Each structure stands twice: as structure tokens, then as C-alpha cells.
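Peer 1: One predicted model, sequence on top.
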Amino acid sequence: MNAVDRVKEPALSDLVISAVSKSYISGAKVLDGIDLTVASGAFFTLLGPSGCGKTTLLRCIAGFLQPDGGRISIGADRIDTVPAHRRDIGMVFQDYAIFPHLTVAENVGFGLKARRMERGEIARRVAESLATVRLDGYADRLPGALSGGQQQRVGLARAMAIRPRLLLMDEPLSNLDAKLRLELREDIRDIQQRLGITTIYVTHDQEEALAVSDRICVMHGGRIEQTATPFELYRAPATRFAATFVGEMNLFPVAAGSPFAGARVGAAEAAIRPEDVVIGPCEDAIAFDGVVRKVTFLGREAQVVIDAPAGVVLLRDVRPTDQTLASAGRPVRVSLPRGRLTWFDAAGRRLA
Amino acid sequence: MTVRGFDPWRGVQWAVWVILALLLGWPLSTILIASLIGPDGAMGFANYAELLARPRYARAFGNTLLAGAGGAAGAMVLGTTLAFLVTRYRLRGRALIETLAVMALVSPPFIGAYAWIVLFGANGLVRRFVVDLGIDMPPIYGASGVILVFAFKFFPNVFLVTSVAFAQVNRSLEEAAEGLGLAPWRRLVTITFPLVLPALSAGALLAFVLSIADFGTPRLIGRNFDVLATEAFSLYTADLGSNPGLASALSLVLVGVSMVLVVLQRRLLRRDVFHGNALRRPYVVTLRGWRAILAHGIAYVIVGIGILPAVVVVVFSFRRTRGPVFQDGFGLQSYERMFHAVMDPVWNTLVFSLSATAAIVMAGTLVGYLITRRPSRSTGALDAILMIPYVVPGVVMGIGFVTAFNTPPLVLTGGGLVIVLAIFIRRLPYAARSSATALQQLSPSLEEAAISLGWSPSQAFRRVTVPLILPGIMAGGMMSFVTAMNELSSSLVLYVSSTVTMPVRIYQAVIGGDYGTASALASTLLAITAVAVYAAFRLSGRRDASFL
């Protein structure tokens, strides 16, 4: 394969969503003109609070909902006019949706049977898919005998067995306990990387999104706030909403008389991550005085809450000393390095 | 899921609307129109004016309310008491009590009336015995008899709903009340009772609606206690002076009473929605000494009296008879007569019920699916309209069918089909409800998973949804079969001599004083019913759900 091919080929199977909108019967807009491109082979996450439209968008891609307008295509194929069962899109569900009356192997082979594949080929593919999710040896069990984590692995194997053009995951980990969630999260990422299936992953958990995604699309109120790599999203949030939804963010109004007044033309708010706040003097920083209200020690870090005239400051100290931990009630000098500050205008958009 | 152009469920939805328009909309609108055509042929409210003017109908209206309220109150007291005893105390033979209650529920409604006559009528066994002892005891006929029969006939409805509610009251709530220092009886009144009130009122309402729709009981036992259902029937079927306009007006008043109550109950309950999250089920207390005897005594007396009519009927069916007269000793003459002379009704009943059941199960499953899985304005309206058969008594439905299907374009009267269709539309809501309940317990994503794996929506429904809700559907089907077999009121309006069913024949036999034949037929009906109920039990696993 030469270099030209490699550049051209992925583009042929990119998922392109343009101007997709959807309203409920009540008239409320769930999706308000969504435009997105997901590169072939990418792990793409739709992130947002409940009601932001992320699941609705996923269900439109799957074909379970019909958008009111716009188009969805994979490469040159327009898919929003194709019935769901002919889209060749694998889906992993929040509640696993494992067929309780079928064995694990029958579950995984269910989609292959629909494709009228011959028996031997089905058995081979089922075994292969089960091996991928490390469930070999469970083929003849009924789902009732499996744990939630195992059921979701079956769900993943079942969706992958049909070799879909696109793999959709609707909050696949939210019904699992914390430990299993981390474990399966890593597995999903590893398997996706190995097989290179274009994956769209829906979650409301920002940490999960940061951990697994190639790109994250933050949604809010039926619109896209920002689409970026996890690093960009965290470091350079495009909107106030993205900034506060992904990670924690200190926000200070820029008002006359505040330390931020006149620091940036057109700015309505200044923002800084808690780990970027410095106690004590610092070069090229906006500084002001405050009083430590509370210190919480969390093991790998300490959280310090400081009351200042400019607002409440949250600070994350990754190497706390005895002194820091005993600082409640003491006056401190707070410095916000200018290079770490982000500015938002009155509409909540970041100033370049 | 609303996928434009590809959804076979759209076709189903259209078909359902057509069926409802034909079998519900049309008959009811013909009744409405008939009620507006006066004796002189002019449109207007002449019939309603006459209803108001004639004291006879005012009395029937009052009697209807009295019978409904009395029946509901009696059923509520008996049903709630039994439910409380069964769920909160460890009673011996709990399964037996529940089975007897269900048997009392499904036994044909008029069998109760007939058995009570046999025991407490003017010549009743028990009454004669008591009178021989020199104690004065009035025969059971009249208002008190009707109410008594209703109470013991419909208490299982209240029992089944409230026992579920009693078992789901969170123990913590009662413990919290105890911790706050409330005495046991105050706890019951201020905490437990309000929590089961929604279920209780639903059960009582059902008893009320069933009571005022019941036609056989006031007819057989009421004597001069006429209610709207019997008046409508007489007006409609009177050989001379039949008055369809007045009968229709009367029918609509009856429907109106039920409707007002259903709406009222929903309105009242919408305000307080209780979530019985049964994380901690209530304690089941083991009683000792006289308390244990009392609790067992009350429980067994209630179900014992409830099942008594069925027992009486079976015993009487084996009594020796000469002609219609009972003799001393036992014999099989009644059954001989049934097999030789009145076998047609048995076949009719089986054929009609099986056809109706097949249609009910299929349509009910599809409608239940539409309501739960395709929420839209249209299916919402469908769900609301399906409430109508609940409040339209069988007599009224029968009259509607006669009026609608007696003249072209569609003439069905005189055949078996019209009887089957009447049963179908009357029982469709129950089947739709039970299939909706089964579907609500099934995640919609199962079917979506099948679709995403490449199966078309109709194949996904057949391969995934149907196998998983099949036990629920089958149990619901058994119950539809039972109610179809026991249907009296609509059939009584619609039958001709070639389409007599067992309930109709039993009714005729009782009216004609041929108690032996009535008993043999009723016992046969009971036996088939018992087998079907047993099958429903085995199929559903969960007992209560399939009966409501």
C-alpha cells in the first residue's frame, strides 16, 4: 500500500453527519443542526450531561430514530435512508441487551445467522469473537449465569462478530461497578485499537471519555460545544460549558475593580484549572489576597479552597506539605499565571 | 422507534384503528344515534326526557348505584381483610386460600346467583332447615341478596390487587412509624392503609363497574330489584312494545355512570402517586392461640363462602332428577340430559371461545406492543380508547352490535361471528394490558439489538420479543378463554336458536326452573375453567398478574 492510498482510503469510510436535527412530539429540539465528521478507525466519544442529545444522535446513526432533517453517510453511502437492519452497524447497549433465551454462542452468532452465513463459518467467527473478549469456554452458558461485566463482553463480541462498518456504544459501562468499569474500559480501548473499527462511544463520564477517546465531542442542549482531542479539550476548551464539564475549572467574573479588570479586551470571565493556581508570588501572574477556608487531603493531592474578593478559588496541590494541610484560616497570596488563564466572552466562547 | 417508510407496525396500527372503528366506534355510535331518535322518529332528547319522567327508571338508576356501591363496599371489606391476613400473617394453606379466591373469581357470574337461590331462596335448603327450626328467615331475593352475591363474587378482584400492594409496603415506613411511637392500629390507619389506597380503590372501582354491568344476578335474584342493565335488556328484547330508543338511552346512562367513576378514580389517584419500592418487604407474623384461630377462621370463611356456589353447583349436578325436579339421592340424569338434549351449546361455546381467544391473543399482543413500544399521539389515543370496553357493560355492547350489524352494509346478526366479535372487543383491552405488562418487563434494547444485528423489525419481533413474552401471552390467552366461555350478557342479546352458548343455556334453564340441567352445564363450564386457570398458573409462574 503506498502513501497515496493510505491518505485516500480512510476518507472513503469516514462517517459524515451534516445538519442533523430532531425534535420530540412536544416540539422540544433534541438535536439542533449537528455537523460532525468521524475519521475511519477513530474512537470518537459523544460526551455531555443527560438530555444533551448524545444518545438521540447515536440512535439516529443506528437507525432507531429518524432525524427530522439532515443527512448521515459513511463514505459515499447515505445511511439515514437505509433501514436500521441493513446498515451494518454494531451496537453495544447500556443494559447489555443480551438475549436471555439464547446461549452465549447463539447470542454472538445471532447477527451472522441473519446474514445466512454457513454453520461452520458462524462457529469459527463466534469462537474468534469470544476469544477477543476473553470469554472462550463460556460459549454454551446461558446469559443468566454471567456477571454484568461478562454480559457486556458478550454484547461487545456480538456486535463485533458481524464486522460492522461502525461500532456504537451507548454508555456501555454505566451499569457496572467501579472496578469492573475501569477494567472493561481498558479492554474496549485495546480491542478497538487492535481491530481498528470506527467507534462512537456515548458517555456522561468525562474521565472515561478522556481515557479512551481519540476525539471527544462535547454536547450541550442539542448542540456541539466542541470537538477535539482529549488533550486539546482539557487544555483549550472552546466554551465555558466544555471547560466546566470536562475537569474542574475556577471561573472569575471580569468586573470593574476586580484584579482581572482590563487584563483582556472583551473578556467576561477568566478561567483557570485548579492545578495551575499557585500560592505565593509568581512571575507574570494576576495575584490577589485571600483566606484559606478549607483543606481536604485526598492522598495523591490536597484540595485547598480559598475565599478571595475576586471569588472562591479551588486549588489542587499535588505535593502538599504539613504546612499546607494546617493552613485553614490563614491569609495567603494567590497567583494565577497569565499563560495558564483562559478567557471567555459574555456568550461563553473562548477568546483566542 | 419511528423509522419512516420501513415500519411494518404502521400497517398494524392502521388495522387496529379500523377494527376499533368497526367493532367499537360503529356499534356505540349507533346506540348514541338510536338514543336520540324519539318514538315519533324526530331527533332530540325525547328518550332521555322519558327516562327522567318515568319513576321506574329513576328507581332503576338508584338501584344500580345501590347495587354497585353495596357490591363494591362488600367486596372491599372482604377482599382487603383477606389480603391483609394472607400477606401479613403466616396462615396454613395460603396457596389453597389464593386458589379458592381465584376459582371464585373465574366461576360464571350467574352461577353464584343460582347457587344462592338453591341455598337461601324461598325453597332453599338452608332456609328450609332454619325455618323448620322455627327461626324466621326471609328468602334471599331483593336488594340485600344482590349486594351479598356481588360482595362474594367480586371480592377476589380487590383481594388480588391489594395483596400485591400490602406485600410491597416498605417495612422501613412502618418501622419508622413505630419508632415515632405510633400504636399498631394507628400505624395501620395512618401509614399502611394510605399506602395501599391506590390499589384498594382500583380494586373497589373494578368491583363497582362489574357489579353495575352484571345482568344475571339482579335478573335471577333481584325479583323486583330492577337495575339499568336489566331494564335495558327488557326494553330491548320485549316481544311487544320493544323500545330500542329508550333502551339505548338507558344503556348510555349506564355507560356514563361507569365512565364517571373511572375518571374520578384516576383523577383522585393522580394526585398521590406512591412508589412502593419493595426493598424491604414487610414481616410475616406467626400468630398463636386465639388470634391464630381467629385469623384462620376469618380467612377460610371468606374464601369458603366465595367458593360455596361452585361447590353447590357441582353437588347438585349429581343429584337424582326426574324431569326438572330433584329427587333424593344421587344420579347422572342431569349429565345424560346435557349430552343428549343440550350438546349444541357446549360445542358452540367451545368453538366461539376458541376463535375469540385466538383473535384476542393475536390482536392483544400487537396492540400491547404498539402501546408500549411505539409511543405516539396515535397509540396514546389507542390506549385511551381501549378503556371504553371496560366501562361498557355486556348488555350494552350486545345491543350496540344488534343495532349496528342488523342492517346492510354489514349483516352479521343471527350467526356465530357476531357473538365471537362481541367477546373479542370486550376482552381485547385485557389481553392488550397483559401483553403490555409483559413487554414493560422486557428491555426495548433487546429488539434493537436484533435489528442492529441485521434482522428486520418483524423478524426481530418474532425471534426475540415473542419467545420472551410467550409465557405471559399464553397465560393471558388462558384467561381470555375463561372469560370468553363464561360470557353471558352480550351473548344473551345476540344469540339465536342455533348459536345458544352454555351460559345462555344455563340462564334459560335457571329461569325455566330446570336446575339439574343448569347444574350439569355449569359444572362442565367450571371444569373447563379450572383446567384453563391451572394452565395459566403453570405458564405465568407469577400468579396474580394474569388475572388483572
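Peer 2: Yep, it's here.
Peer 1: Would you map the strands across the stretch 51-200 of chain A?
Peer 2: Taking DSSP state E, counting those that start in this stretch, the strands of the stretch 51-200 of chain A run over residues A:69-74, A:77-78, A:89-92, A:166-170, A:199-203.
Peer 1: Among these, which comes closest to B:A249?
Peer 2: Among the strands of the stretch 51-200 of chain A, strand A:69-74 comes nearest to B:A249, with 52.5 Å by CB to CB. Any C-beta I mention is one placed from the backbone N, CA and C, and that applies to glycine too.
Peer 1: Run the angle between the closest one and strand A:166-170 for me.
Peer 2: 120 degrees (axes from the mean of the first three to the mean of the last three CA atoms, to 10 degrees).
Peer 1: got the contact list for strand A:69-74?
Peer 2: The contact list for strand A:69-74 (CB atoms under 8 Å, 6 or more residues apart in numbering or on different chains) reads A:13-21, A:33-34, A:60-61, A:78-80, A:165-166.
Peer 1: now stretch A:139-146
Peer 2: A:98-100, A:102-105, A:107, A:126-127, A:130, A:138, A:151, A:154.
Peer 1: can you map out the helices along the stretch 201-350 of chain A?
Peer 2: Using DSSP state H, counting those that start in this stretch, the helices found in the stretch 201-350 of chain A span residues A:206-212, A:230-235, A:240-245, A:322-325.
Peer 1: what about residue 125, how many residues close to it?
Peer 2: Answering for chain A, as no chain was given. The burial count assigned to A:R125 is 20, neighbours taken as other CB atoms under 10 Å in any protein chain shown.
Peer 1: hm, I was asking about chain B
Peer 2: B:L125: 13 neighbours (other CB under 10 Å).
Peer 1: so it makes contact with B:W116?
Peer 2: No - applying CB atoms under 8 Å, one finds B:L125 not in contact with B:W116, separated by 11.1 Å.
Peer 1: Can you name the residues of the stretch 251-400 of chain B sitting close to chain A?
Peer 2: B:S376, B:R377 (CB under 8 Å from any CB of the partner chain).
Peer 1: Run through the strands of the stretch 251-400 of chain B in chain order.
Peer 2: Using DSSP E, counting those that start in this stretch, strands in the stretch 251-400 of chain B cover B:319-322, B:325-330.
Peer 1: Hmm, B:I419 is touching B:S489, no?
Peer 2: No - counting by CB under 8 Å, B:I419 stays clear of B:S489, with 11.6 Å between them.
Peer 1: Neighbour count for the two, which is higher?
Peer 2: The neighbour comparison of B:I419 against B:S489 (other CB under 10 Å) goes to B:I419, with 31 against 27.
Peer 1: hang on, the earlier thing: a markdown table for the helices of the stretch 201-350 of chain A, including distance to B:I221?
Peer 2: As requested, the helices of the stretch 201-350 of chain A are arranged in a markdown table below (distance: least, CB to CB, whole Å):
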| stretch | distance to B:I221 |
| --- | --- |
| helix A:206-212 | 70 |
| helix A:230-235 | 78 |
| helix A:240-245 | 71 |
| helix A:322-325 | 86 |
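Peer 1: Can I get the ones you listed in CSV including mean neighbour count and mean pLDDT?
Peer 2: Listed next are the helices of the stretch 201-350 of chain A as CSV, based on neighbours: other CB atoms under 10 Å in any protein chain shown; pLDDT from 0 to 100:
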stretch, mean neighbour count, mean pLDDT
helix A:206-212, 19, 93
helix A:230-235, 17, 94
helix A:240-245, 23, 94
helix A:322-325, 12, 86
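Peer 1: Rebuild those as a markdown table, extending it with distance to chain B.
Peer 2: Below are these laid out as a markdown table (distance: least, CB to the nearest CB, whole Å):
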| stretch | distance to chain B |
| --- | --- |
| helix A:206-212 | 20 |
| helix A:230-235 | 27 |
| helix A:240-245 | 26 |
| helix A:322-325 | 40 |
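Peer 1: Which among those helices is found nearest to B:G256?
Peer 2: Across the helices of the stretch 201-350 of chain A, closest to B:G256 is helix A:240-245 (CB to CB), at 54.9 Å.
Peer 1: and that closest one, what other elements does it pack with?
Peer 2: strand A:215-220, strand A:223-228, strand A:250-253, strand A:269-272, strand A:342-344 (3 or more CB pairs under 8 Å, 6 or more residues apart in numbering or on different chains; DSSP states H and E).
Peer 1: thinking again about what came up before, can you tell me which of the contacts of stretch A:139-146 are in helices?
Peer 2: The helices, defined by DSSP state H, take in A:V104, A:A105, A:N107, A:V126, A:A127, A:L130, A:Q151, A:V154 from the contacts of stretch A:139-146.
Peer 1: PyMOL command to pick out the buried ones of the residues you listed?
Peer 2: Selection of buried members from the ones in helices among the contacts of stretch A:139-146 for PyMOL, criterion 16 or more other CB atoms under 10 Å in any protein chain shown:
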select buried, chain A and resi 104+105+107+126+130+151+154
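Peer 1: May I ask which two of the ones in helices among the contacts of stretch A:139-146 are separated the most?
Peer 2: Top of the distance list for the ones in helices among the contacts of stretch A:139-146 (CB to CB): A:A127 and A:Q151, 18.7 Å.
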